[in-house]
Every structure is written in C-alpha cells, then in structure tokens.
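**Q** Structure for the following, please:
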Amino acid sequence: MITTFTDYLLQLNPLAIALFLPALLLAAFLFYITRWPSPRPVQSRRADRFRASKVPTQLDTIVIGSGSGGSTAANLLAQSGQRVLVLEQHSVTGGCTHSFREEGCEWDTGLHYVSKAMSDPTKRAGAIMSFMSRDKQIWTPFPSEAPYDEIVFPDDDFVQEGAPNEWSHKFFDGTSRTAGSVVGSIVDPANKELKKRVKTFLDICLDVHYGFVALGISRLLPKWLQFLVREKVERLYKYSELTVRDAQHAVLSLGYSADELLKNCPKAPAGDEVDPTIRRLKAVLTHPIGDYAVQPKEATFAAHGVTAAHYFNGGAYTVGPTQNISTRLTSIVRSFGGEALIDATVRSIIIEDGRAVGVRVSNTDELEECSSDEDLAKVPVVEIRAKNVVCATSVYNLYHKFLPQDLPTVQKFRDPTQRTVRQSNGHIFLFCKIRGDAEEIGLPDHNLWYFNGYDLDSAFDKYFANPTEHRPPTVYIGFPTTKDVTWKKRFPGISNCILISDGLYEWFEKWADKPVRNRGEDYLEFKDQLTRHLMDILLEFVPQVKGRIEYYHLGTPLSECTFLASYRGGSYGTKCVPEMFAPINRQWTTSPFTEIPGLYLAGSDAFLPSVTGAMYGGCLCASAVLGKVGTLRMGHAILSHLAKRLRDENPKLSRVEAYILAVKKFTE
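**A** Residues are numbered from 1 along each chain as shown. Here you go, the predicted model:
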C-alpha cells in the first residue's frame, strides 16, 4: 500500500524516475520564475529624517543614495521581496531628480527632460518606470509638431555663398525631420552630398544606440550566452575609441561610411574647420553635447552617439515636480517592509572577512555643524548591517570615501596604471524666478541651447582658461514652467528658468572647506561674474523676460558637492572620454559589480550618465544582487507588465503574441 509520495517514487522504475524528477524540477523552476510578489498597499510620502529607531531589522540590502539609480535598484529589489534601506545624505530624496523651492518658486536640478520613450509605457524606458511606479509616474511628451531642442548662435558671417545664414537650428522627433531641419538651415539646397553625409552621421548615432542595448543585455546574460550580443558590443567598443571631433571629420568632411569609420578613422586636423558649411554642420551636430559635457576633441563618440539617438523620437517632461519620481519609487520600498531615510550620511562601508556587511551612518545636520576633526569624532555613529550594500553615489565616492583605504582593490583604483579615467566635470546653474505667466510672456515651450560660436573646441579652451573673460561654450536654457502641465495651477502668475553651463571644480577648490552659504566675498564676486555671462545670454535670446526677473541664484560645483554628494562636483559620474571603455577601465565603469563580495554599484557608473542611463544602471544593479535566476524572475515580471499594456493597447493580441512583442520592444 502506497501511503506517502516517497513510497510512490520507490514503486517507479528508474527510467520513470529519470523522466519525472527533471520535469518536477522544471515545473518548480517555472513556478518560481513566474510568481512575482503581489503588490502591497502604498502610502506615497516623503522620506523621514534618519534615526536609528527607524531602521528596519533583518535588512537584505542597503542602498547609499536615492537618485535615479539608487531609487531604481531599491525599488526593484524591494518588489522582488527584499527588505531594503535607502540612505540619502540630503534633506530630500531624489539626487539629480530632486526639486527645490525658494522665494515662492520651484526648480528641477538634474532632470530637465528625458526621451519621449520614457512617456510611453510600451517602450523600454517607459515600461520600466511604469512597472516601478505602478503607473503613478506620468510624463508629458513634447508636441511632435514643435521642436524639442533649438540651438542658437551669435551672429557669424563666415558662410558659403548661396548657403543659408541662420542663427537658429531646430531638432524635431524623427531623424528625417531633424536631418531636413539641420540641412535646410545650413546647406546649399543643391548640395545633395552633404545631405547624405548628415543622414549617415545620424544613422551611425543610431548604430551606437544599438550597441549600448547589446551591452546592457550582455550584463544580464550568463557567460555562455554572451556570443548572442558579442558582435554588437565589440562594434560599440570600436566606436568608443573615437573622439567626436575625429568621427565628425571622417563622416562630414570626408564622407566615410560607418564601416569605413570603424576600419580606419583619421585624426581631424588641428585648428578650426576651414570649410564654412562643414564648420556649421559639425557644431550643430555636436548637439546634445550638454547631456554628456565633454568638448568634441576629448569626448568619446560612444557617448555622443547614444545621447543623440536617445532623443531621436523627441522629448518629455514630468507631470508635476521631478521630486515625485523618487518619492513614488521609495514609497514602494516602504510598502515591502523597507525604509528610505534622509539626513543620513554614510561615513564608511563595513568590510569583514573581505565582504561588505553594512555601513556606518551619522546625521548630516550634525556633521555640518562640525568645524574640526575633534568635533567630527564626537558625532554619534550608527552601524547598520545587511547582506548587500549598493553604492549609488558614484564609483569615486566609493573608493575615495567609503571603503577602507588599505584594501587592495582601493589601492588598485588609486593606481594610475590600473585606472585611467576620472570623474566628470561639474556645472554652473542659474535659477531664475520670473514674474508673469509663461504664455503671457511668450516663453519657449521647448529647450534652448546657446552655443558660443561654431568653433566649439576653441570656445571650450578659451572658457576653461578664463571663465570670467569668455562666455561659456554651451548653455542650456530651460523653462519647466512651459513643460509641466501642473505648473500654472501650482504657481499662478509665476514662471521659472534654469540656465546650465560647464564649470570646473578646480575654479572653486580653494573655497571647498569654507562654510556653506558663507564662503567669503571673493567667492560671491566670482559667482557674480559668472552670473553676468549667463544673464546676458538669457536676455539676448529671450528678451521678453527683461524687467521680470524677481530672483536668481547661482549654483556651482560646490553646490553639487553639498546637495548631491558629488565627488569633486562631477555631474555625470565618469568623464565620457575614449578611455572610459578601454579594457583597463571596464572593471570600474559601465558595470554594477565590484571585486568585493556583497558590494555593488548603481547609477551612472553602473551603466551610463543621464537620468535614464542611471535608471538602467539601477536595473543592472538589481540584476547583479538577485543573480541570474532572480534576474529571470524580475525580467519576466517587467515583460509581463509590458505585455499587459500592449494588450490594453491592442486587445486583438494573444497573451503569447503580446509577450513576444514585449521582448522585441525591450531589446530594440
């Protein structure tokens, strides 16, 4: 008589057992993969101030930093069933996605626009955000009939006879429309060859984009499946060896194809471009240089290509303040038993037996009151333990600040023969409050970019050598008031503007140890000189705001250090130069893994700069923490969410068809 399942197995012959057990294991595996934890009730609220009593017990993962990468990693890990603690040193969560208010106005700080794909829950970026926020984070796409970006230049009479002499150049969604717009504002209508070269250049940017898709997929695949994307990844690495200046010379000046470019890209001649039309094309097609912030002769073409392609389908902006993103993502962390706490400065990561096992934390407010090492030693330190630690505040903070400096991996990072990349440059920010309604004033409903002439490398060199004498080479001019559909209701009769230009930490380093908001008269005088440049540009190209600016404030790389914990004021993680992708540096960049077990990276340094790039870095970090099986489970949950949206959009799709289409959209 068979009384138990074990008795039943003993009655079977060996062949039956050999067939039955694998089937049982496969069924159990599939059951696990397809069962994602059910959603919990969410109370959306901002994070509390750090107190030891607010730290949950039995933590699985601690995430340092609550920017796009940190919030993404924490959210996905929490949804997988982990208990996660997010620690943010600032007074609000969000990192570069946080917003702030002063003088009755509001400004974003790092998220000024994203690709239109983020606003579409049936595209990869939008699907991930929709999944993480449970459809709460909504975006407004920029109108297709209008440009999303416009570059404006000072007057310049060096122009080929018969060619247009426009000072404004507009970018629309769709490569064909952008190519037509750019060519139409620069090139003699009879010059069909240059039109072809512009189209080739944009197609090459798209090729770089596909390379980064392959690179991201390679981070998720087991080693034995890497061959599926190896060719595209290797092609990307070849692009990464080129500078923007050299690639533009090869394609726009010499007419190279993509394959010719990769086979043998010549060096661009020194000095400014002598052909007036090519000169203009190169400058305009350097857009969107401001989103990776490296001058053409130094920037890797990989960063330029992927950034340009990112916006080929247009742009979008948040509905409501950008602050809502981190609030919504971390609220879901809280619903799964985790927590997000502000005013929490991580002073070090605890390493025991070679493994990361926790962090030491103090209140930021108490640390800011210290004026000596003796004061710092008196500030209470709380030790918090967890199975995993994620650093989402840059690889440079990790190795320079958080880890014990005698660790072999830290010494390797500090060895110039083992690492040849550095943190990115910083920025100057001018925040303006404007009296009047945006529509009444006639403010632009798209982004403006000021370029200080068509010889950009020369403009960068002059500005970096003497920033008070020369205007910035590029300036972003944005008006959140015209992009956020809730603004008019939240701030009636008020508009805002943000101007952003390049800024070197070295200019401000002598004031770094001075108290915040009390760095001295010479610091304020230097800021005033930089402010005048930006204000002159604003009034020159948006003259309708003259006499309406009620308040303005200039932020510097030191502001990024204070409020974003940026290492030496760097805005974009690792500086986007060709060495970023060299074999010697791949252990430090574009990967969530470190040499220390239990320690991971999220954010820009785990994949790419920008809010979306950091979000993908957070996804890769969650994958690294969960392992390959956990990644399959997470991937299936996101793809199922996307497939459901596709079926909502097209009810004729079967479940299988919708899932296959979701996989296709996720990998394009």
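**Q** Helices of the stretch 251-400 of the chain, start to end?
**A** For the stretch 251-400 of the chain, helices defined by DSSP state H, counting those that start in this stretch occupy the ranges 258-263, 276-284, 301-310, 323-335, 364-368, 373-378, 395-397.
**Q** The last one: how far from the chain's middle?
**A** Offset of helix 395-397 from its chain centre (Cα atoms, centre = their mean, to the nearest Å): 16 Å.
**Q** nearest to residue 651, of the helices of the stretch 251-400 of the chain?
**A** helix 323-335 (28.3 Å; Cβ to Cβ). C-beta coordinates here come from the backbone N, C-alpha and C atoms, glycine included.
**Q** so how far is the closest one from its chain's centroid?
**A** Centroid separation between helix 323-335 and its chain, computed with Cα atoms, centre = their mean, is 18 Å.
**Q** Kindly report the same for stretch 122-135.
**A** Distance of stretch 122-135 from the chain centroid (Cα atoms, centre = their mean) equals 16 Å.
**Q** Tell me which residues of that stretch come out buried.
**A** For stretch 122-135, burial by neighbour count (16 or more other Cβ atoms under 10 Å) applies to 122, 123, 124, 125, 126, 127, 128, 129, 130, 131, 132, 133.
**Q** any idea of the mean pLDDT for that stretch?
**A** With pLDDT averaged residue by residue, stretch 122-135 scores 96.
**Q** what's next to that stretch, contact-wise?
**A** The list of residues contacting stretch 122-135 from outside it, by Cβ atoms under 8 Å, 6 or more residues apart in numbering, reads 39, 42, 72, 75-76, 79, 114-115, 117-121, 137, 139, 325, 328-329, 332, 612, 615, 619, 637-638, 641-642, 645-646, 649, 662, 665-666, 668.
**Q** now do stretch 357-375
**A** With Cβ under 8 Å, 6+ apart as the test, stretch 357-375 has contacts from 49-50, 62, 64, 87, 89-91, 343-351, 376, 379-387, 389, 402, 516, 598.
**Q** Going by neighbour count, list what's buried in that stretch.
**A** Buried residues in stretch 357-375, counted by 16+ other Cβ under 10 Å: 357, 358, 359, 361, 362, 363, 364.
**Q** For it, measure first residue to last.
**A** This stretch, stretch 357-375, spans 27 Å end to end (Cα to Cα, to the nearest Å).
**Q** Repeat that for stretch 60-74.
**A** First-to-last residue span, stretch 60-74, Cα to Cα: 11 Å.
**Q** How about stretch 599-619?
**A** End-to-end distance of stretch 599-619 (Cα to Cα): 15 Å.
**Q** residues touching residue 199, list them.
**A** 175, 179.
**Q** Can you tell me how far residue 556 is from residue 569?
**A** Taking Cβ to Cβ, to the nearest Å as the measure, residue 556 falls 8 Å from residue 569.
**Q** Also residue 352?
**A** Counting by Cβ to Cβ, the gap from residue 352 to residue 569 is 33 Å.
**Q** quick one: which of those two has more around it?
**A** residue 569 (26 against 10; other Cβ atoms under 10 Å).
**Q** Can you tell me the element residue 195 falls in?
**A** Assigned by DSSP states H and E, residue 195 belongs to helix 192-220.
**Q** Convert whichever helix or strand comes after that helix to PDB, retaining C-alpha atoms only.
**A** Next in sequence after helix 192-220, counting helices and strands by DSSP H and E, comes helix 230-240. The C-alpha coordinates for helix 230-240 follow below in PDB (Å, rounded to 0.1, in the frame of the first residue of the first chain):
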ATOM      1  CA  ARG A 230      29.300  40.000 -28.700                       C
ATOM      2  CA  GLU A 231      29.400  41.400 -32.300                       C
ATOM      3  CA  LYS A 232      27.400  44.500 -31.500                       C
ATOM      4  CA  VAL A 233      29.300  45.100 -28.200                       C
ATOM      5  CA  GLU A 234      32.600  44.800 -29.900                       C
ATOM      6  CA  ARG A 235      31.400  47.300 -32.600                       C
ATOM      7  CA  LEU A 236      30.400  49.700 -29.800                       C
ATOM      8  CA  TYR A 237      33.800  49.400 -28.200                       C
ATOM      9  CA  LYS A 238      35.300  50.400 -31.600                       C
ATOM     10  CA  TYR A 239      33.100  53.500 -31.700                       C
ATOM     11  CA  SER A 240      34.100  54.300 -28.200                       C
END
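**Q** Buried residues, helix 230-240. List them.
**A** Judged by neighbour count using 16+ other Cβ under 10 Å, the buried positions of helix 230-240 are 232, 233, 235, 236, 237, 238, 239, 240.
**Q** what does stretch 453-464 give?
**A** Buried residues in stretch 453-464, counted by 16+ other Cβ under 10 Å: 453, 454, 455, 456, 457, 459, 460, 462, 463, 464.
**Q** for the stretch 401-550 of the chain, which spans come out with low pLDDT?
**A** Counting by pLDDT under 70, the stretch 401-550 of the chain contains no low-confidence range.
**Q** meant to ask about the chain, not that
**A** Low-confidence segments of the chain, defined by pLDDT under 70: 1-21.
**Q** so what's in contact with residue 556 and residue 569 at the same time?
**A** In terms of Cβ under 8 Å, 6+ apart, residue 556 and residue 569 are both contacted by the residues 426, 503, 508.
**Q** Let's see which of these end up in helices.
**A** When DSSP state H defines the helices, the subset of the shared contacts of residue 556 and residue 569 inside them is residue 508.
**Q** What is the nearest of the shared contacts of residue 556 and residue 569 to residue 603?
**A** Taking Cβ to Cβ as the measure, residue 603 sits nearest to residue 426 out of the shared contacts of residue 556 and residue 569, at 16.5 Å.
**Q** Show the contacting residues for residue 160.
**A** Residue 160 makes contacts with 188, 275, 276, 277, as judged by Cβ under 8 Å, 6+ apart.
**Q** Could you count how many residues lie near the nearest residue to the second one once chain neighbours are set aside?
**A** Take residue 275 and drop its neighbours on the chain: the residue closest to it by Cβ to Cβ, 6 or more residues apart in numbering is residue 253, 7.3 Å away. Here the neighbour count serves as a burial measure; for residue 253 (other Cβ under 10 Å) it reads 19.
**Q** Could I get the contacting residues of residue 253?
**A** Counted by Cβ under 8 Å, 6+ apart, residue 253 has contacts 268, 273, 275, 278.
**Q** mind checking how far it is from residue 181?
**A** To residue 181, residue 253 is 21 Å away according to Cβ to Cβ.
**Q** if we can go back for a sec, would you turn the buried residues of helix 230-240 into JSON lines with distance to residue 577?
**A** Formatted as JSON lines, those follow (distance: Cβ to Cβ, whole Å):
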{"residue": "232", "distance to residue 577": "22"}
{"residue": "233", "distance to residue 577": "19"}
{"residue": "235", "distance to residue 577": "19"}
{"residue": "236", "distance to residue 577": "15"}
{"residue": "237", "distance to residue 577": "14"}
{"residue": "238", "distance to residue 577": "16"}
{"residue": "239", "distance to residue 577": "13"}
{"residue": "240", "distance to residue 577": "9"}
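**Q** and which of these is nearest to residue 305?
**A** Nearest to residue 305 among the buried residues of helix 230-240, counting by Cβ to Cβ, is residue 239 at 6.3 Å.
**Q** May I ask which two of the contacts of residue 160 are separated the most?
**A** Farthest apart among those - using Cβ to Cβ - are 188 and 275, which lie 12.0 Å from each other.
**Q** Compare these two and say which one has the larger neighbour count.
**A** For residue 188 and residue 275, the more surrounded residue by other Cβ under 10 Å is residue 188, and the numbers stand at 15 against 12.
**Q** looking at this, the more buried one is in a strand?
**A** No - Residue 188 is assigned coil when assessed by DSSP: H, G, I helix; E, B strand; the rest coil, not a strand.
**Q** can you give me phi and psi for it?
**A** phi -60, psi 130 (degrees, to the nearest 10).
**Q** so it touches residue 277, yeah?
**A** Yes - with contact defined as Cβ atoms under 8 Å, residue 188 reaches residue 277; the gap is 7.2 Å.
**Q** anything in contact with each of the two?
**A** Counting by Cβ under 8 Å, 6+ apart, the contacts common to residue 188 and residue 277 are 160, 163.
**Q** If anything else comes up later, I'll come back, but that's it for now.
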